[in-house]
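Visitor: requesting a structural model of the entry that follows:
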Amino acid sequence: MLHVGAERDARQPASVGAAADLSRRRAALEASLEASGDVFYEWDLASDRLTLAGRAARLFPADPTALPVRGADLNAWIHPEDLPRRLAALAQHLDGGRTYDCQYRLCGADGGFRWVHDCGAAFADPRGRAIRLAGSLRLVSEGAARATELAQQGLYDPATGDVQHQPLHRALDRVFAAGERAGWCSAVAVLGIDWSAGDPAARVGDAVLLEMGRRLDRHLRGGDVIGRLAGDRFGLLLGRCDAEAARLTLERIVGVLQRDPVRLDDGSVSARLSAGVVLVPAQARSGRDALARAEQALSRARGMGGSGDGSGGGAPVALYRPAAAQRQNHARALRTAREVREALEERRLRLAFQPVVDPRSGAVRFHEGLLRRCEPDGRVTGAGAFIAQIEPLGLIGGIDRRVLELSLAELERDPAINLAFNISGLTAADPEWCAALSRALAARPELGPRLIVEITETASLHDLEEAAGFVRRLHDLGVRVAIDDFGAGCTSAAQLVALAADLVKIDAAFSSGIRSHPQKQVFLRRLLELAGDLGLTTVAEGIENAADAAFLGALGVDLLQGHHFGVPTLDPPWARAGAA
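Guide: Predicted structure coming up:
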């Protein structure tokens, strides 16, 4: 329990009058806590001890001995879908970022849950390290919690109550990342409104869509997400459900929404609703891919008179059905995923190291660690043969954590080397990966400046704000960041400024054979000028011969990488030197 003035009492004796005054103040504080219903807490980060004050039994309705006494105990009460959000908010606050303020569900013994608002602030020791967190927990209604959650995602306008026309890609990416880490399945649905005869959309328009959005929000489960798409359609994220659960949920929602007409000043409007649904990450590679496939399923649902199973009963809901070729590709991807999972468990995933060289001096500035899968029969498979297949299937998080472990181990082995490695765009949105890096560098902070994390240009463009935040977190840890495969996307100068990376790696398509391609030379000159203005180090990839290397060096490229300077090897020079 938090005690006001306890430190002063421990340091010096108090008079009888002072003790009585302290007792009155404590009683007043406890009465205020009782009346407010808030629960205050103090969390000692070193010991994990958690102290509660107030009506904790309202939040944790169980035997008093079951109340959380450690931070880990509190995490066990939090709904599994909400825990990653809370941990991410904590990590950002403890790293010196935004205020700690979030909402989540506490699970009850009866299978239900209670929404709570959790806010607080960390206190640091003289060296600036966070040592404790003090805050409060308050019960909130589910409606208020969902409105706040949607507002934070940019999908809801509290002033009008409207579901915004914002794209769903941020929420979709979070669902993909969570499903990938935890191995669970979610569903993405597109719900379309078909107006009844005599009710053109131009007349009923946003008034009906607004009401439909409100009805949808009321009938969704806690943790589900809604967003308005283009036209008369809504996008839905249904967390942790299989195909049958998604179909039943959508049939219920569609049935309820179209049962009662929407009443307007000049009459009422009836609408027929249909829904298409796709399972993620199993049936889609990304959020945009999921929406596109749910749209395909919606088109099929609109041609049905009943449920998606063709029985004619219930609401028109269709599940995504891949074509025969897609099913074959999916089966191959599942086999590849099984092989990669076995390699990960048997620690057969390794790094092959390729030098990055200064073209003027010939000195090696750093090495890039390239992922390889070592087969039991001795064959070595490059990451390009399997990463694209398994990324949507939930393994990329474990792979990128393994790459981080391998890279840090090499840095510890030889204090003279610098290493770069590539991560998936999904990992850039994964707070667990950032937390693992932060923990490792807390113990060995000198490794940070020797590390370079590469993110692809196309991944950084997918959500520029999120990518920029990821870059800032790495910079706070002393880690450098490179934009990889530059030229494969459409990054503008403004976007490069926003990302604030340290290096830009030019895609091999622009550097290979550059002597005979005037257009490539124009591109490189413009890029080098921009990089110089922004203070970016440039690296040209895919250098295969001495002539291209000399030309690029004369053009002003800072560093070069390619087979001309060395093929990727599982046996780097520092390992051979150590063995000798």
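Visitor: burial of residue 39, as a residue count?
Guide: Look at residue 39: counted by other Cβ atoms under 10 Å, it has 22 neighbours. Placement of C-beta: from N, CA and C, glycine included.
Visitor: any idea how far it is from residue 123?
Guide: In this view, residue 39 and residue 123 are 19 Å apart by Cβ to Cβ, to the nearest Å.
Visitor: where does the closest residue in space to residue 546 that isn't next to it in sequence land on pLDDT?
Guide: Nearest non-adjacent residue to residue 546, counting by Cβ to Cβ, 6 or more residues apart in numbering: residue 564, 6.4 Å away. Confidence at residue 564, expressed as pLDDT, is 94.
Visitor: then residue 374?
Guide: 94.
Visitor: kindly report the same for the one 5 residues further on.
Guide: You'll see residue 379 listed with a pLDDT of 92.
Visitor: how close does it sit to residue 343?
Guide: Separation of residue 379 from residue 343 (Cβ to Cβ): 12 Å.
Visitor: show me what contacts residue 502?
Guide: 452, 480, 481, 482, 536, 537 (Cβ atoms under 8 Å, 6 or more residues apart in numbering).
Visitor: beta partners for the closest residue in space to the first one that isn't next to it in sequence?
Guide: So the one you mean is residue 452. Nearest residue to residue 452, sequence neighbours excluded (Cβ to Cβ, 6+ apart): residue 420, at 3.7 Å. On the basis of DSSP bridges, residue 420 is bridged to residue 368, residue 452.
Visitor: for residue 420, give me its contacts.
Guide: Per Cβ under 8 Å, 6+ apart, neighbours of residue 420: 356, 366, 367, 368, 369, 451, 452, 453, 454, 482.
Visitor: what about the fourth one, neighbour count?
Guide: If I follow you right, that is residue 368. Other residues near residue 368 come to 23 when the count uses other Cβ under 10 Å.
Visitor: confidence score at it?
Guide: For residue 368, the pLDDT comes out at 97.
Visitor: which residues in the stretch 451-580 of the chain form helices?
Guide: In the stretch 451-580 of the chain, the segments counted as helices under DSSP state H, counting those that start in this stretch are 457-462, 464-476, 493-499, 508-511, 518-534, 546-555, 573-579.
Visitor: from the chain's centroid, how far away is the shortest one?
Guide: The one in question is helix 508-511. Offset of helix 508-511 from its chain centre (Cα atoms, centre = their mean, to the nearest Å): 30 Å.
Visitor: tell me how far the residue sitting nearest the centre point of the chain lies from residue 220.
Guide: Nearest to the geometric centre of the chain sits residue 429, at 3.0 Å (Cα atoms, centre = their mean). To residue 220, residue 429 is 23 Å away according to Cβ to Cβ.
Visitor: neighbour count winner among residue 379 and residue 343?
Guide: residue 343 (21 against 8).
Visitor: how about the helix or strand containing the more buried one as PDB, C-alpha atoms only?
Guide: If you go by DSSP states H and E, residue 343 is part of helix 324-345. Output of helix 324-345 as PDB, limited to C-alpha atoms (Å, rounded to 0.1, in the frame of the first residue of the first chain):
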ATOM      1  CA  ALA A 324      -6.100 -24.500 -57.200                       C
ATOM      2  CA  ALA A 325      -2.800 -22.800 -58.000                       C
ATOM      3  CA  GLN A 326      -3.000 -20.800 -54.800                       C
ATOM      4  CA  ARG A 327      -3.700 -23.900 -52.800                       C
ATOM      5  CA  GLN A 328      -0.700 -25.600 -54.300                       C
ATOM      6  CA  ASN A 329       1.500 -22.600 -53.500                       C
ATOM      7  CA  HIS A 330       0.100 -22.500 -49.900                       C
ATOM      8  CA  ALA A 331       0.900 -26.200 -49.500                       C
ATOM      9  CA  ARG A 332       4.500 -25.600 -50.600                       C
ATOM     10  CA  ALA A 333       4.700 -22.700 -48.200                       C
ATOM     11  CA  LEU A 334       3.600 -24.900 -45.400                       C
ATOM     12  CA  ARG A 335       6.200 -27.500 -46.200                       C
ATOM     13  CA  THR A 336       8.900 -24.800 -46.300                       C
ATOM     14  CA  ALA A 337       7.700 -23.300 -43.000                       C
ATOM     15  CA  ARG A 338       8.000 -26.800 -41.400                       C
ATOM     16  CA  GLU A 339      11.500 -27.100 -42.700                       C
ATOM     17  CA  VAL A 340      12.500 -23.600 -41.500                       C
ATOM     18  CA  ARG A 341      10.900 -24.300 -38.100                       C
ATOM     19  CA  GLU A 342      13.000 -27.400 -37.700                       C
ATOM     20  CA  ALA A 343      16.100 -25.500 -38.700                       C
ATOM     21  CA  LEU A 344      15.300 -22.800 -36.200                       C
ATOM     22  CA  GLU A 345      14.800 -25.400 -33.400                       C
END
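Visitor: now the element after that helix, going C-ward?
Guide: Next along from helix 324-345, by DSSP H and E: strand 349-357.
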